[in-house]
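Novice: can't give you the sequence, but here's the structure:
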């Protein structure tokens, strides 16, 4: 993939949710919500302060993150769907 986000933006690929509940009930496609969990695929260089110095991002490629339901902009690259969002839209990193 040849895409690098600019500044404090990150490229996230959604991690698909389970198709069954823990009790074994199958969830139909029409009832599924878009997952709010994803994996960081690419990160920008960081945010610039007014004096020109760079603030590095807290996330890195490979991190699993949680983000808001309406966060980011959906894009397609080589037929795959991704989200481009600012680092501030990410709620946290999953360990």
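Specialist: Right, received. Where do you want to start? Owing to the predicted nature of the structure, the values given are computational and were not obtained by experimental measurement.

Novice: Tell me the strands beside the helix or strand encompassing residue 76, with direction?
Specialist: Per DSSP states H and E, residue 76 falls inside strand 73-77. Applying DSSP bridges to the sheet, strand 73-77 is found paired with strand 80-86 (antiparallel).

Novice: what about residue 52, distance to residue 10?
Specialist: In this view, residue 52 and residue 10 are 22 Å apart by Cβ to Cβ, to the nearest Å. C-beta coordinates here come from the backbone N, C-alpha and C atoms, glycine included.

Novice: Report the distance from the strand holding residue 76 to the chain centre.
Specialist: 11 Å (Cα atoms, centre = their mean, to the nearest Å).

Novice: between residue 52 and residue 10, who's got more neighbours?
Specialist: Of the pair residue 52 and residue 10, residue 10 is the one with more neighbours under other Cβ atoms under 10 Å, namely 27 against 6.

Novice: So what sits opposite the more buried one in the bridge?
Specialist: Counting by DSSP bridges, residue 10 is bridged to residue 43, residue 85.

Novice: Tell me which residue lies nearest the centroid of the protein.
Specialist: Centroid-nearest residue in the chain: residue 12, 3.0 Å away (criterion: Cα atoms, centre = their mean).

Novice: Do I have it right that residue 3 meets residue 42?
Specialist: Yes. Assessed by Cβ atoms under 8 Å, residue 3 is found in contact with residue 42 at 6.1 Å.

Novice: anything in contact with each of these two?
Specialist: Overlap of the contact sets of residue 3 and residue 42 (by Cβ atoms under 8 Å, 6 or more residues apart in numbering) consists of residue 11.
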